[in-house]
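> turn this into a structure:
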Amino acid sequence: MEKHFARFFWGSSNDKRRYHWSSWENLCFPKEEGGVGIRNMTDICKSLDIKKWWRFRCQDSLWARFTKAKYCIRAHPVAKVWVSGNSHIWKTLTKIRSDAEPHMIWKIQNGHISFWWDNWTGYGAIATYCPDYVHSSRTRVRNFIIDNEWDLQSLGDIVPGWLLHHIASIKIGSQHKKDYLMWKLAADGVFSNKEAWNGIRTHRQKDLFVDMPVDCLCCSNAQPETIQHFFIESEPALFLYGDQKKFYIRRMQQEVIWYLKAAMDKAFPKFKMELPWHQLCEVVEKLKPRANITQVTWSMPPTGKIKVNTDGSYNNHGNRAGIGGIARDETGSMIFAFAIPVQGTSHNMIEAMAIRYAAQWIKNNGYRQSYIESDSLMIVEMLTNRTSNNLTIKDIIEETMDIGDQMEITFKHCYERG
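Below is the predicted model:
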């Protein structure tokens, strides 16, 4: 099939074949990695198979229930193997399982998932680290939870010490809600074909042109073969493109018009670009953007109420993060302030943790009908709309909403300088 793709791409036909300047494998990379943005068919098929496994593992569909009832009555899906006589779809699922499972992690809520086989620690199935025990698929994570806390004594008799220390740091969610599955490769934890494809495909170095101490072999006067020399100053470049130092007014006009048209189509879709050069310049100069100025100030809470302003900071390179906030009364006087280092995986998570900390402080001190302001519009909308499409912070949002309902907290958005 890819042979026909390549012929179509290079313009070949059965009567006349054109030279293929690069292999199809080299073309099937993103543009920033030296390709043309075409996806390899094998990678696409694998990503779709991973999607089947994802739906089989986390969705309660008729097909998923039927497949589990047929093949996984006595064995867990991760441990079940394909044998001769099983269906082709089950063979496909078991074949793609090893590519999908490392990128899937369960969030603990009621602990109904398998203790031995489900990946809820981030290190894969615990059964692989404890070969001396019977790995029953009916052993649940909730068997090792007492009063919403880990039973470290029972866990210590089974798992290695390093894994026990890691399990102790895993936060347990609400025991009244179901465990849910997250896709580790996505920032929001939601599975997508794009993230699956990007996770299983072959990656290539993005910067393909690297300055190396090599002399140019195309020039009579050998010079270092830099990017500038190769594309601009070399003898072949001068022969093909001419002297680039020379100013071409017509070429400049065409390039400016092209970039103007691309920008004007977005800002002014009905604007007509069919004007002479001098008139076009005059019209564009008059299309100056309006500056919308909004005064940002801090507003006091109603009499007898308090307001807590929160913020979060996250450094992706050093994996360092911190939350802070200040509580003030109706006169603007400070009641309480906090600045705490925390751990997280994204800026949105840190912002959500700051709001949750403020809500918990309000609850502990008995302030009802209070206000919490944050400069994160996304987190505030999740709290006010009572929805979270980001699985990585779903438990934080739900916990904050529960506290907000108890204490009648109003969540508001404010600009950073407010």
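
> only C-alpha atoms from now on, for both contacts and neighbour counts.
Will do.

> so where's this protein shaky on pLDDT?
Applying pLDDT under 70 to the chain flags residues 12-14, 206-214, 226-228, 230-232, 239-253, 255, 271-273, 277, 288-290, 417-418.

> ranges for the strands of it?
Secondary structure of the chain, counting by DSSP state E: strands at 104-107, 145-146, 149-150, 180-183, 307-315, 320-328, 334-342, 371-374, 410-413.

> which among the ones you listed is found nearest to Ala69?
Minimum separation from Ala69 across the strands of the chain (Cα to Cα) falls at strand 180-183, 20.3 Å.

> packing partners of that closest one?
Applying 3 or more Cα pairs under 8 Å, 6 or more residues apart in numbering; DSSP states H and E, one finds that strand 180-183 contacts strand 104-107.

> strands paired with the strand it packs on, and their directions?
Counting by DSSP bridges, the strands paired with strand 104-107 are strand 180-183 (antiparallel).

> so the protein: which segments form each domain?
By the assignment in automatic domain parsing, the chain contains the domains 2-38, 109-178, 209-246, 256-293, 307-413.

> most tightly surrounded among those domains?
When the domains of the chain are scored by mean count of other Cα atoms under 10 Å, the highest mean neighbour count falls to domain 307-413 (a mean of 18).

> distance to Arg97 for the domains of the chain - can I get that in CSV?
Below are these laid out as CSV (distance: least, Cα to Cα, whole Å):
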stretch, distance to Arg97
domain 2-38, 24
domain 109-178, 12
domain 209-246, 37
domain 256-293, 44
domain 307-413, 22
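
> which one of the strands of the chain lies nearest to Pro269?
That would be strand 410-413 among the strands of the chain, by Cα to Cα, at 32.1 Å.

> the closest one: partners in the sheet, and parallel or antiparallel?
strand 371-374 (parallel).

> contacts for the partner strand next, please.
If you take Cα atoms under 8 Å, 6 or more residues apart in numbering as the criterion, strand 371-374 is touched by 301, 305-311, 351, 355, 358-359, 380, 409-415.

> off-centre distance for that strand?
In terms of Cα atoms, centre = their mean, to the nearest Å, the centre of strand 371-374 is found 26 Å from the chain centre.

> what of stretch 362-370?
With Cα atoms, centre = their mean as the basis, stretch 362-370 stands 34 Å off its chain's centre.

> and the end-to-end length of that stretch?
Here the two ends of stretch 362-370 are set 8 Å apart, with distance taken as Cα to Cα, to the nearest Å.

> against Arg17, how distant is Gln175?
With distances taken as Cα to Cα, Gln175 is found 66 Å from Arg17.

> now stretch 195-209: how far from the chain's centre is it?
Relative to its chain's centre, stretch 195-209 lies at 16 Å (Cα atoms, centre = their mean).

> and stretch 58-72, by the same measure?
For stretch 58-72, the distance to the chain centre is 28 Å (Cα atoms, centre = their mean).

> one more: stretch 40-52?
Relative to its chain's centre, stretch 40-52 lies at 19 Å (Cα atoms, centre = their mean).

> and for it, what's in contact with it?
With Cα under 8 Å, 6+ apart as the criterion, stretch 40-52 contacts 2, 25, 28-29, 92-93, 96-97, 99-100, 192-193, 196-197, 200-201.

> buried stuff in it?
Residues Asn40, Asp43, Ile44, Lys46, Ser47, Leu48, Asp49, Ile50, Lys51, Lys52 are the ones in stretch 40-52 that count as buried (16 or more other Cα atoms under 10 Å).

> which of the residues you listed fall in helices?
Among the buried residues of stretch 40-52, the ones falling in helices (DSSP state H) are Asp43, Ile44, Lys46, Ser47, Leu48, Asp49, Ile50, Lys51, Lys52.

> just the closest of these to Pro269, please.
Checking these against Pro269 by Cα to Cα gives Ile44 as the nearest, at 35.8 Å.
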